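sequence first, predicted coordinates after that:
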Amino acid sequence: MRVVNFSLERPAFYLVRRGIVSEGLDRGLKEQALDLGVDIHFSEIIPKKGADIIATGPLPEKTPAIVKGIGFQTEMKDFAFIIFNDDVAYKGYSYLLVADGYGCMCTVVFDKFEKIDSYLRKTRKIFSEMVDLDVKKPRKIAGVGSFSVNGVLEKEGRLYVGEAAGLQDLLWGFGIKKALASGYLAAKSLIEKKDYQKIAKNYFKDKLKASLVNRFLWEHFGFHDYSFILNVLENADDPLEFLFSFHNFNFLQRALYPFALQYAKGKSVKRRLDYF
């Protein structure tokens, strides 16, 4: 197994806690909403026709990726490990992240969803050989991703945000920032009576197109052993600067976009939510 090590002067990503934990993102947003006088109704379903903003998450018919793993408490030191190997995470990646006593170990796959449990077992085996795993109070994690270059942003007066609108990163599945940004733009548009669809399209369209091209390049040029991306990361003066450049719809991506779009249209996306 080839190992590439590098350190960075600024964070490459953030480990965000989710759910009901006191320091989690969801709890933090809830407390902010309550402080602003928002009424939250739990265990109730509002009909779509009664909603101004639709933020229901991924669309089953547009699910290009799934993730499965565990979150846990640990006494291990902080670190981040990522594996690119189709025997462990088909067309995706597996990771083990630890920060401030909290760990997360998952595998993300973009095809062969029926093998997700097998991939997760292999992921744990590899990481257990790399480090002395310390896993306490494990909690299951599972999710899906929803992506569309031309997702529905507005329909019958309702504004769609996050993955309900297909706003996701098709390369590696980083969608929280897009969800928060689109939610902000939707609320701001309602308050200021502006055209959300126009504003959101201008804000996201190039990012989504770049994401589609990135996935196309990943599956065509990194499919066998991912040596291309590893070579670049190992030799780059600033690996983050290189990665960021591929989210800006640069000249190369603009030239390749028609080919990437045709490739995506040729791939069938099925309902794959029965693997949890």
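The structure has been received and is ready for your questions.

use CA for all of it now, contacts and neighbours both
Fine.

now the longest helix along the chain: mean pLDDT?
Longest helix in the chain, counting residues (DSSP state H): helix 196-221. Helix 196-221 shows a mean pLDDT of 91.

same question for stretch 12-30.
Here the average pLDDT along stretch 12-30 is 85.

can you give the distance of it from its chain's centre?
15 Å (CA atoms, centre = their mean, to the nearest Å).

ok, now stretch 71-90?
The chain centroid and the centroid of stretch 71-90 are separated by 16 Å under CA atoms, centre = their mean.

who touches that stretch?
Contacts with stretch 71-90, where a contact means CA atoms under 8 Å, 6 or more residues apart in numbering, come from 91-105, 107-112, 116, 119-120, 122-123, 133-141, 224-226.

mind listing what's buried in it?
Buried residues in stretch 71-90, counted by 16 or more other CA atoms under 10 Å: 71-74, 76, 82-86, 88-90.

and that stretch, what's its mean pLDDT?
Mean pLDDT, taken over the full extent of stretch 71-90, equals 93.

likewise stretch 134-151?
pLDDT averaged over stretch 134-151 gives 89.

and that stretch, end to end?
42 Å (CA to CA, to the nearest Å).

now do stretch 170-180
Start-to-end span of stretch 170-180 (CA to CA) is 17 Å.

how about it, which residues are buried there?
The neighbour-count check on stretch 170-180 (16+ other CA under 10 Å) flags 170, 171, 172, 173, 175, 178, 179 as buried.

try stretch 130-145
For stretch 130-145, the neighbour count (16+ other CA under 10 Å) marks 135, 144, 145 as buried.

please report phi then psi for the nearest residue to residue 236 once chain neighbours are set aside.
Closest residue in space to residue 236, ignoring its immediate chain neighbours: residue 242 at 7.3 Å, by CA to CA, 6 or more residues apart in numbering. Phi and psi for residue 242, reported as degrees, to the nearest 10, are phi -60, psi -50.

what's the local residue count around residue 242?
13 (other CA atoms under 10 Å).

what's the answer for residue 51, then?
12.

show the contacting residues for it.
Contacts for residue 51 (CA under 8 Å, 6+ apart) come out as residue 158.

local confidence estimate at it?
Looking at residue 51, the pLDDT reads 93.

buried residues, the longest helix of the chain. List them.
196-197, 200-201, 204, 206-219.

and residue 14, that's in a strand?
No - applying DSSP: H, G, I helix; E, B strand; the rest coil, one finds residue 14 to be coil, outside a strand.

how near is it to residue 266?
34 Å.

residue 158 and residue 54 touch, don't they?
Yes - counting by CA atoms under 8 Å, residue 158 does reach residue 54; the two are 6.8 Å apart.

more crowded one of those two?
Each of residue 158 and residue 54 has its neighbours counted (other CA under 10 Å); residue 54 has more, 21 against 17.

contacting residues around the closest residue to that one other than its chain neighbours?
Nearest residue to residue 54, sequence neighbours excluded (CA to CA, 6+ apart): residue 160, at 4.7 Å. The contact partners of residue 160, taken as CA under 8 Å, 6+ apart, are 53, 54, 55, 152, 153, 154, 186.

which of the residues you listed ranks first by neighbour count?
residue 186 (27 neighbours).

which SSE is it in?
Here residue 186, judged by DSSP states H and E, is contained in helix 176-192.

from the contact counts, what lies against that helix?
For helix 176-192, the contact count by 3 or more CA pairs under 8 Å, 6 or more residues apart in numbering; DSSP states H and E identifies helix 196-221 as packing neighbours.
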